[in-house]
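K.L.:
Let me see the structure of the following:
(one chain, ligands or ions: 1)
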Amino acid sequence: MKTRLTSLLQIEVPIISAPMGPNISGPELVAAVSNAGGLGVLQAQMHPPEKFREELAAVRQLTSKPFGVNFILQFPCEHLIDISLEEKVPVLSFFWGIADGYVWRAREAGCKTMLQVGSVADADAAARAGVDVIIAQGFEAGGHSAGRISTMTLVPLVADAIPNTPVVAAGGIADARGLVAALALGADGVCMGTRFLATPEANAHDLYKYKIVEASENDTLRTILFGHGWPNAPHRVLRTAFVTNWVGKEERGQQGRKDEPIIGHTRIVGQPVPIP
Ligand SMILES: Cc1cc2nc3c(=O)[nH]c(=O)nc-3n(C[C@H](O)[C@H](O)[C@H](O)COP(=O)(O)O)c2cc1C
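P.N.:
Okay, the predicted model is just below:
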């Protein structure tokens with residue numbers, strides 16, 4: 001299938017697998033999607049520089065197709081962007097900030113840029129600054145969401161506002177019907193996160209994958225509850241027993257207190273990381 005997105009990014013199908021932090025979308029998922037003709041996007045922002053280079057090399061070992069690397073501009077990432085430009089990563093994907101400063105540097109390095117936004121105003125500003133692809137994210141989206149209105153409402157508004165820039169729809173899309181609907185709304189492609197989360201290639205815990213597959217349409221919640229380290233940023237999460245317990249006490253989640261009890265550990269790039 002050909003759209004402006006496939007021509008611009010030199011991919012075969014207008015499907016992007018969303019970057020999923022901290023490292024859920026690692027080299028295996030990125031390469032699987034890119035090898036299948038879409039665009040896989042790596043999330044490796046918490047990696048130290050040498051590990052970040054290793055992840056880029058791992059992607060390149062698994063695929064020779066275009067892929068992207070994602071940066072959440074709320075957090076320090078300049079050093080990793082420098083590495084990505086030096087390594088000529090085909091696509092730099094940005095979220096939660098203004099990407100204007102990277103557009104020309106990326107262009108000089110031969111890299112394309114994408115920014116995920118949640119409003120027409122932010123889409124318009126980014127398109128004017130020369131960002132190559134705008135991802136319009138509705139509030140259905142899993143993970144952190146900038147969008148405060150539905151994908152179905154936002155996408156046509158963005159597509160009309162920036163007719164000369166390819167628009168990608170994100171949020172609540174999980175199959176071919178969603179892709180067709182997004183194209184009908186004026187998008188040039190889709191970006192799906194949750195749909196790829198429960199695949200064997202994603203670095204999510206098996207229990208998380210199971211819970212995603214098992215969940216019904218009523219089992220998620222958009223909240224600021226998990227604000228530790230990233231306060232007041234809404235995110236869509238599974239409505240677990242923990243979440244149900246804390247609904248109504250979201251302010252507490254913004255404090256990032258040092259005395260937070262540790263409720264578990266995870267591993268990021270092989271390192272144990274406590275979960276407060
Ligand atoms: C578990 C998870 C983690 C995410 N992490 C990131 C991230 O690190 N960077 C980013 O730009 N978007 C992130 N997102 C949001 C996606 O870019 C995308 O907007 C979203 O997945 C689309 O909605 P969907 O999950 O309904 O497909 C994340 C989404 C999920 C589900």
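
K.L.:
and Y208, that's in a helix?
P.N.:
Yes. Secondary structure of Y208, determined by DSSP: H, G, I helix; E, B strand; the rest coil: located in a helix.

K.L.:
you'd agree G193 is up against S17?
P.N.:
Yes. With contact defined as C-beta atoms under 8 Å, G193 counts as touching S17 (7.5 Å). C-beta coordinates here come from the backbone N, C-alpha and C atoms, glycine included.

K.L.:
out of these two, which sits in the busier spot?
P.N.:
Here G193 and S17 are set side by side on neighbour count (other C-beta atoms under 10 Å), and the busier one is S17, at 28 against 24.

K.L.:
Now that one: closest residue in space that isn't a chain neighbour?
P.N.:
With sequence-adjacent residues excluded and distances taken as C-beta to C-beta, 6 or more residues apart in numbering, S17 is closest to V33, at 4.1 Å.

K.L.:
That neighbour: what's it in contact with?
P.N.:
I15, I16, S17, L39, G40, F196 (C-beta atoms under 8 Å, 6 or more residues apart in numbering).

K.L.:
For those residues, pick the one with the most neighbours.
P.N.:
G40 (33 neighbours).

K.L.:
Please read off the pLDDT at the residue nearest to it when sequence neighbours are not counted from the model.
P.N.:
By the measure of C-beta to C-beta, 6+ apart, the closest residue to G40 outside its immediate chain neighbours is V30, 3.2 Å from it. Listed pLDDT for V30 reads 98.

K.L.:
for the helix or strand containing V30, which positions count as buried?
P.N.:
V30 is part of helix 27-35 when elements are defined by DSSP states H and E. Along helix 27-35, these residues count as buried under the neighbour rule (16 or more other C-beta atoms under 10 Å): P27, E28, L29, V30, A31, A32, V33, S34.

K.L.:
interface residues of the stretch 151-276 of the chain facing the ligand?
P.N.:
Where proximity means C-beta under 6 Å from any ligand atom, the interface of the stretch 151-276 of the chain facing the ligand comprises A170, G171, G172, I173, C191, M192, G193, T194, R195, L197.

K.L.:
which element is the spatially closest residue to A126 that is not a sequence neighbour on?
P.N.:
Setting aside the residues directly before and after it, A126 is nearest to L115 in space (C-beta to C-beta, 6+ apart), at 4.6 Å. Element membership for L115, per DSSP H and E: strand 112-117.

K.L.:
How about the helix or strand just after that strand and the ligand, touching?
P.N.:
Counting by DSSP H and E, the element after strand 112-117 in chain order, helix or strand, is helix 120-128. No. Applying C-beta under 6 Å from any ligand atom, one finds that helix 120-128 is not in contact with the ligand, the shortest distance being 13.6 Å.

K.L.:
Would you mind pulling up the elements that the lengthiest helix in the chain packs against?
P.N.:
Under DSSP state H, the helix in the chain containing the largest number of residues is helix 49-62. Using 3 or more C-beta pairs under 8 Å, 6 or more residues apart in numbering; DSSP states H and E, the elements in contact with helix 49-62 are helix 27-35, strand 39-43, helix 78-86.

K.L.:
out of the ones you listed, nearest to G138?
P.N.:
With C-beta to C-beta as the measure, strand 39-43 is the member of these nearest G138 (18.2 Å).

K.L.:
The closest one vs helix 78-86, what angle?
P.N.:
150 degrees (axes from the mean of the first three to the mean of the last three C-alpha atoms, to 10 degrees).

K.L.:
C-alpha coordinates for strand 39-43, CSV please?
P.N.:
C-alpha atoms of strand 39-43 as CSV (Å, rounded to 0.1, in the frame of the first residue of the first chain):
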residue,chain,number,x,y,z
LEU,A,39,8.5,1.3,10.7
GLY,A,40,9.7,-0.1,14.0
VAL,A,41,10.6,2.6,16.6
LEU,A,42,13.1,1.9,19.3
GLN,A,43,12.8,3.3,22.9
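
K.L.:
Parallel or antiparallel, list what pairs with it.
P.N.:
strand 15-17 (parallel), strand 67-72 (parallel) (DSSP bridges).
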